[in-house]
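# The sequence isn't on hand, but the structure is:
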């Protein structure tokens, strides 16, 4: 789950702030909280969270989204530390603007040449979830 809402601080109401935190950071917590215990019991697991390239360094103009995705990064790195030695890796991919139908509809006049194909994000995730990638944890992979 995830979502985007633009708006600087003075344009962002409390509902948008809460929605961005829930959609982006809250969903990462809920998914990990429900799945990671099973991974720990099995002694094996791969967690890959989707953050955003736009928050490294943090950008202005969409503060609720930026803070929520920065929280996803911190969550991934903290969880990676908690999972060390348990057979569970935790990483995050940080795509720039992804070329999706929703983004095309929201930004019809944008220059899409730098947009990341969804398949490229899927490929990066596929690499991180391979059994052979068990030595990669706490990594932030910019795409």
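Happy to help now that I have it. This is a predicted model, so every value here is computed, not measured.
# wait, doesn't residue 91 sit right on residue 128?
Yes. Contact status for residue 91 versus residue 128: in contact at 4.9 Å, counting by CB atoms under 8 Å. The way it works is simple: take the backbone N, C-alpha and C, and place the C-beta from them, glycine included.
# Do you have the helices of this structure handy? List them.
Per DSSP state H, the chain carries helices over the ranges 14-20, 27-42, 63-83, 101-106, 118-129.
# most packed of those?
helix 63-83 (a mean of 20; mean count of other CB atoms under 10 Å).
# shared neighbours, residue 91 and residue 128?
In terms of CB atoms under 8 Å, 6 or more residues apart in numbering, residue 91 and residue 128 are both contacted by the residues 48, 136, 139, 141.
# Please produce a markdown table containing those residues, extended by neighbour count.
Listed next are the shared contacts of residue 91 and residue 128 as a markdown table, based on neighbours: other CB atoms under 10 Å:
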| residue | neighbour count |
| --- | --- |
| 48 | 20 |
| 136 | 16 |
| 139 | 16 |
| 141 | 18 |
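# Just send the residues you listed back as TSV, with pLDDT and distance to residue 78 too.
Compiled in TSV, the shared contacts of residue 91 and residue 128 are given as follows (pLDDT from 0 to 100; distance: CB to CB, whole Å):
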residue	pLDDT	distance to residue 78
48	98	15
136	98	17
139	97	14
141	97	17
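# wait, which of those residues is closest to residue 108?
For the shared contacts of residue 91 and residue 128, the residue nearest residue 108 by CB to CB is residue 141; the value is 29.1 Å.
# got a list of what the closest one touches?
Under the criterion of CB under 8 Å, 6+ apart, the contact partners of residue 141 comprise 91-94, 124, 128.
# Most widely separated two among those?
By the measure CB to CB, those have their two most distant members at 94 and 128, which lie 12.2 Å apart.
# that older thread, going by mean pLDDT, which of the helices of the chain comes out lowest?
When these are compared on mean pLDDT, helix 101-106 scores lowest, with a mean of 90.
# Good, wrapping up.
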